[in-house]
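# only geometry, no sequence info:
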């Protein structure tokens with residue numbers, strides 16, 4: 001079964017005083033590459049979150065975001081009276097030292113100074129994180145489901161391309177047999193056209209066999225057929241095997257290239273070009289397979 005590396009999942013967690021939205025996006029990548037946007041209060045869970053996402057999503061460029069919406073009307077920020085009083089005292093003393101009048105609009109000046117507002121310290125409870133973790137798992141499952149749907153589409157495309165290469169490989173046979181006969185006839189005609197030249201017929205037969213063997217593509221055809229079988233067998237594995245399929249596609253390419261270099265016949269070379277076109281499309285699609 002194939003899974004795509006492209007995926008998307010979203011979920012929400014409802015808490016008494018806030019609503020948390022989880023979004024996960026996944027794109028293709030050679031390895032697991034995670035980018036997170038997490039509020040400061042949840043940073044302590046980031047390492048465990050990374051390990052969990054790496055285990056479940058395996059590979060891909062992952063964008064994880066957690067957005068917190070406060071729905072409670074309680075004010076968590078308060079004015080620090082001690083800090084304000086100290087600022088006012090220092091400003092008065094400085095005004096006396098410099099011989100300048102005190103400011104008229106004390107309130108607007110003091111409220112712009114650092115640390116005037118203090119935040120109530122919020123601690124993360126295990127109960128809250130359990131609720132959030134459940135939402136994260138739901139979002140991850142959404143990514144997995146999306147990947148499975150995209151993987152089914154990739155499966156259809158790749159099988160079609162493999163089938164096209166098989167059909168093109170079968171189309172080589174008649175041209176291959178015709179090519180050998182043409183080569184043999186051309187060499188014999190060339191020798192017969194040389195008047196007054198004698199040659200050793202046994203040696204000629206040996207050289208002809210050697211030359212034809214060099215042009216023989218049966219081994220390449222057999223290996224190519226085996227690679228195509230292996231590609232489809234790998235697609236049927238229980239786990240998605242994107243990297244392995246990429247390696248097999250490289251081996252398919254080597255056999256097609258060797259077949260092309262030995263063709264020495266226009267019709268066969270056209271077939272090889274079409275094979276290469278199908279293979280390039282396979283390679284493009286395999287890049288997105290998990």
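Perfect, I can see it now. These numbers come from a predicted model, not from an experiment.

# for residue 108, what are its contacts?
If you count contacts by C-beta atoms under 8 Å, 6 or more residues apart in numbering, residue 108 has none. All C-beta spots, glycine's among them, are computed from the backbone N, C-alpha and C.

# got it, and residue 65?
Applying C-beta under 8 Å, 6+ apart to residue 65 gives the contacts 22-24, 36-37.

# Where does it sit: helix, strand or coil?
At residue 65 the chain is in strand, as set by DSSP: H, G, I helix; E, B strand; the rest coil.

# Next one: it from residue 116, what distance?
When distance is defined by C-beta to C-beta, to the nearest Å, residue 65 is 31 Å away from residue 116.

# Also residue 13?
According to C-beta to C-beta, residue 13 and residue 116 sit 33 Å apart.

# Specify which residue of those two has the higher count of neighbours.
Between residue 13 and residue 116, counted using other C-beta atoms under 10 Å, residue 13 has the larger neighbour count: 22 against 14.

# The more buried one looks like it's in a strand, true?
Yes. Counting by three-state DSSP, residue 13 is found in a strand.

# hey, where'd the strands end up in the stretch 101-250 of the chain?
Secondary structure of the stretch 101-250 of the chain, counting by DSSP state E, counting those that start in this stretch: strands at 117-119.

# where in it is pLDDT low?
Residue ranges of the stretch 101-250 of the chain with pLDDT under 70: 115, 117-122, 177-184, 187-191, 194-201, 203-214.

# And for stretch 269-277, what's in contact with it?
165, 168-169, 171-172, 175, 253, 256, 259-260, 263.

# Which members of the residues you listed are the farthest-apart pair?
Between any two of the contacts of stretch 269-277, the greatest separation by C-beta to C-beta is 21.0 Å, found for 175 and 253.

# Confirm for me that residue 49 is in contact with residue 36.
Yes. Counting by C-beta atoms under 8 Å, residue 36 is a contact partner of residue 49 at 7.2 Å.

# Give the residues shared as contacts by these two.
Contact criterion C-beta under 8 Å, 6+ apart; residues shared by residue 49 and residue 36: residue 64.

# Neighbour count: these two, which is higher?
Taking neighbours as other C-beta under 10 Å, residue 49 and residue 36 compare with residue 49 leading, 19 against 15.

# buried stuff in the strand or helix carrying residue 89?
Using DSSP states H and E, the element containing residue 89 is helix 81-98. Across helix 81-98, burial judged by 16 or more other C-beta atoms under 10 Å covers 83-84, 87-88, 91.

# returning to that earlier point: can you tell me which of the contacts of stretch 269-277 is nearest residue 45?
residue 253 (45.1 Å).

# before we move on, which element is the closest one in?
Per DSSP H and E, residue 253 falls inside helix 242-263.

# Show me what that helix is in contact with.
So helix 242-263 is contacted by 2, 5, 59, 158, 165, 172, 179, 214-217, 220-221, 223-224, 227-228, 230-231, 234-235, 268-269, 272-273, 275-276, 279, 282-283, 286-290 (C-beta under 8 Å, 6+ apart).

# redo that, cut-off 6 Å
Here helix 242-263 makes contact (C-beta atoms under 6 Å, 6 or more residues apart in numbering) with 215, 217, 220, 223-224, 227, 230-231, 234, 269, 272, 275-276, 279, 282-283, 286, 289-290.

# So for the first helix or strand past that helix going along the chain, mean pLDDT?
As assigned by DSSP H and E, the chain's next helix or strand after helix 242-263 is helix 266-286. Summarised as a single mean, pLDDT over helix 266-286 is 93.

# returning to that earlier point: could you turn the buried ones of the contacts of helix 242-263 into a ChimeraX selection?
Typed into ChimeraX, the line below selects the buried ones among these, using 16+ other C-beta under 10 Å:
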select :217,220,223,224,227,231,234,272,275,279,282,286,289,290
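
# ranges for the helices of this structure?
46-57, 81-98, 106-110, 126-192, 201-215, 218-235, 242-263, 266-286 (DSSP state H).

# any chance of those in a markdown table, plus distance to residue 17?
A markdown table is the format used below for the helices of the chain (distance: least, C-beta to C-beta, whole Å):
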| stretch | distance to residue 17 |
| --- | --- |
| helix 46-57 | 22 |
| helix 81-98 | 25 |
| helix 106-110 | 30 |
| helix 126-192 | 10 |
| helix 201-215 | 79 |
| helix 218-235 | 49 |
| helix 242-263 | 43 |
| helix 266-286 | 47 |
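
# Alright, I will stop here.
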